[in-house]
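J.: Mind looking at a prediction? Sequence and model below.
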Amino acid sequence: MSSTRMPDRAVPTRRPSRMERSGVVALTAAAGALVLALTLDRFATLGNLFALLRGISVVGILALGMALVVMGRNIDLSQVAVALISTGAVAKMLAGGIPLPAALLGGTGFALAMGAVNAGAVTLAGIPPLFATLATAMLFVGLARSSILPGASIHLPAGSGWLAHLGGTVGGVPVPPLVLAACAILTHLLLERTVPGRFVRAAGINPRTAAVVGLPVRRIAWLQYLFSATTAFVAGLIMLSSSGLVDLQLANATLIFDVLLVVVLGGVGLSGGRGGVFGVMAATLLVGLMTNAMTILDVAAQVQGIAKGTALLLVLLADGALRRGEAPAAGI
């Protein structure tokens with residue numbers, strides 16, 4: 001009696017959910033903090049805790065803007081340049097006697113203008129986001145250095161009002177992590193509770209289908225780049241207040257790679273549509289812990305760069321393994 005053999009079927013591999021990946025990152029950060037507190041004498045001190053929170057605030061705020069862009073299958077390598085130029089313009093205007101509200105309004109305008117250039121290069125000119133924002137970063141810094149910000153460093157002048165205290169403390173609590181928490185809440189509400197936020201995810205999952213069903217894909221990209229520029233401006237204000245100056249040479253530093261490490265480690269998939277604010281905040285803490293530990297141990301800057309570069313490469317490889325079989329991320 002013959003028997004019919006059923007054909008073998010591949011069992012689909014279950015991909016971890018967004019919350020599962022975020023939970024793993026959060027648990028890793030908590031475990032790392034515990035290990036560092038038990039093994040490093042100078043880690044579990046109030047001063048170091050405040051330094052850690054200040055250190056992660058700028059990266060975290062930038063990562064929130066970058067996350068929204070990457071969720072829509074784009075990228076913004078000009079974030080740090082936007083942050084430095086827009087806040088450098090604020091310092092320059094304050095030094096020229098312009099009142100703080102008008103200077104902040106002008107700085108916001110500079111940031112949004114640069115975000116609009118990025119959006120136009122991607123949506124109107126059709127340049128891949130990776131190359132478009134790499135080019136605009138160099139363009140923005142070059143134009144700023146040759147016009148409104150000829151010096152490499154711009155100091156925050158005396159009499160800058162509450163802006164001078166933005167990098168300080170309120171009731172003994174550092175202000176920068178409070179700003180980061182407010183930005184995280186607003187970004188979460190935008191993504192999860194608003195129609196434009198849902199459109200960002202939909203466009204990231206499948207931009208062609210989103211366009212076919214009538215979603216305003218180009219306008220969504222404009223929203224992403226304008227939001228990224230806004231968060232860059234806020235992060236730049238914290239840098240300006242904390243250090244008392246804007247150093248345009250930081251535009252060529254590795255800060256943008258710290259931001260990308262946080263975003264991808266936080267579960268924001270380069271194929272778009274995946275990720276959330278909780279994962280980004282957990283990854284911000286984890287990367288901050290790694291940087292803080294290496295600083296306490298007096299690890300050389302070159303070695304820190306190697307460690308972060310290796311971590312970014314491994315995370316990108318893991319993300320690539322998770323998104324095999326998905327549509328390729330546009331422009332990345």
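T.: Yep, it's here. All values reported here derive from a predicted model rather than from experimental measurement.

J.: by contact count, what packs against the helix or strand bottoming out on mean pLDDT in the chain?
T.: Across the helices and strands of the chain, mean pLDDT, DSSP states H and E gives its lowest value to helix 207-212, namely a mean of 76. Helix 207-212 sits against helix 195-205, helix 217-243, with contacts defined as 3 or more CB pairs under 8 Å, 6 or more residues apart in numbering; DSSP states H and E. C-beta here means a position set from N, CA and C on the backbone, and glycine is covered the same way.

J.: which residues of the chain fall in helices?
T.: Applying DSSP state H to the chain gives helices spanning 18-39, 46-71, 79-95, 100-123, 129-145, 175-193, 195-205, 207-212, 217-243, 255-265, 277-296, 301-322.

J.: Could you tell me the least trusted of the ones you listed?
T.: Among those, helix 207-212 carries the lowest mean pLDDT, a mean of 76.

J.: Quick one: residues in contact with that helix.
T.: Helix 207-212 is contacted from outside by R73, F199, A202, A203, V217, G272, A330, using CB atoms under 8 Å, 6 or more residues apart in numbering.

J.: and with 10 Å instead?
T.: The contact list for helix 207-212, computed with CB atoms under 10 Å, 6 or more residues apart in numbering, reads 72-74, 199-204, 206, 215-218, 220-221, 272-273, 327, 329-330.

J.: still on that earlier bit, flag every buried residue along the least confident helix or strand of the chain.
T.: Across helix 207-212, burial judged by 16 or more other CB atoms under 10 Å covers P207, A210.

J.: how far is that helix from where the chain is centred?
T.: Mean C-alpha position of helix 207-212 versus that of the full chain (CA atoms, centre = their mean, to the nearest Å) differs by 26 Å.

J.: re the thing from before, can you flag the buried ones in the contacts of helix 207-212?
T.: By neighbour count, with 16+ other CB under 10 Å, the contacts of helix 207-212 hold 72-74, 199-204, 206, 215, 217, 220-221, 272-273, 329-330 as buried.

J.: rewinding a little: out of the helices and strands packed on helix 207-212, the one nearest L124 is which?
T.: Proximity to L124 (CB to CB) singles out helix 217-243 among the helices and strands packed on helix 207-212, at 8.1 Å.

J.: now the angle from that closest one to helix 46-71?
T.: Orientation check (axes from the mean of the first three to the mean of the last three CA atoms, to 10 degrees): helix 217-243 against helix 46-71 gives 160 degrees.
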